[in-house]
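**Q** coordinates for the following, if possible.
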Amino acid sequence: MPRKMAREPKAAANQAEHAADTTALSARPEKNTKIALVRTLFGRNEGATLAELVEATGWLPHTARAALTGLKKKGAVLEKSKRGDVTCYRIMEVAE
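**A** Numbering: from 1, shown residues only. Next up, the predicted model:
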């Protein structure tokens, strides 16, 4: 006789929640968040340096670099250039 489960297994429940979350995230307008600030800084014509990003968000440098990676994973195309001897980043396009 098979055992009765008191609740749905976590894997199935998490998949359903995750699907609902990603739909809600893509349809939701962007709020006044730090990642919105990052997108604004990198969307400027001159872009932004890592130091500017750290100063604007209050993040540590490794967290700011992780935000760059996160943007790339979400489909943003980043351009690297030099401003003097400092690396500057700029968003070229964002996949929707």
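
**Q** contacts, neighbours, all on C-alpha from now
**A** Noted.

**Q** let me see the ranges of the helices in the protein.
**A** Taking DSSP state H, the helices of the chain run over residues 10-27, 34-43, 50-57, 61-73.

**Q** of these, which shows the lowest average pLDDT?
**A** When mean pLDDT is averaged over each of the helices of the chain, helix 10-27 scores lowest at a mean of 51.

**Q** pull the number of nearby residues for the spatially closest residue to residue 57 that is not a sequence neighbour.
**A** With C-alpha to C-alpha, 6 or more residues apart in numbering as the measure, residue 34 is the residue that lies nearest to residue 57, at 6.2 Å, once sequence neighbours are left out. Close neighbours of residue 34, defined as other C-alpha atoms under 10 Å, add up to 15.

**Q** same check on the one 10 residues further on?
**A** One way to gauge burial is a neighbour count; for residue 44, by other C-alpha under 10 Å, it gives 13.

**Q** and it, its phi and psi?
**A** When read as degrees, to the nearest 10, the backbone of residue 44 gives phi -70, psi 160.

**Q** residues in contact with it?
**A** When contacts are counted by C-alpha atoms under 8 Å, 6 or more residues apart in numbering, residue 44 is found next to residue 90.

**Q** could you measure from it over to residue 62?
**A** As defined by C-alpha to C-alpha, to the nearest Å, residue 44 lies at a distance of 22 Å from residue 62.

**Q** residue 41 now?
**A** Following C-alpha to C-alpha, the distance that separates residue 41 from residue 62 is 17 Å.

**Q** can you measure across stretch 42-50, start residue to end residue?
**A** Between the opening and closing residues of stretch 42-50 there is a gap of 10 Å (C-alpha to C-alpha).

**Q** for that stretch, which residues meet the burial criterion?
**A** Burial within stretch 42-50, assessed by neighbour count using 16 or more other C-alpha atoms under 10 Å, is assigned to 42-43, 47-50.
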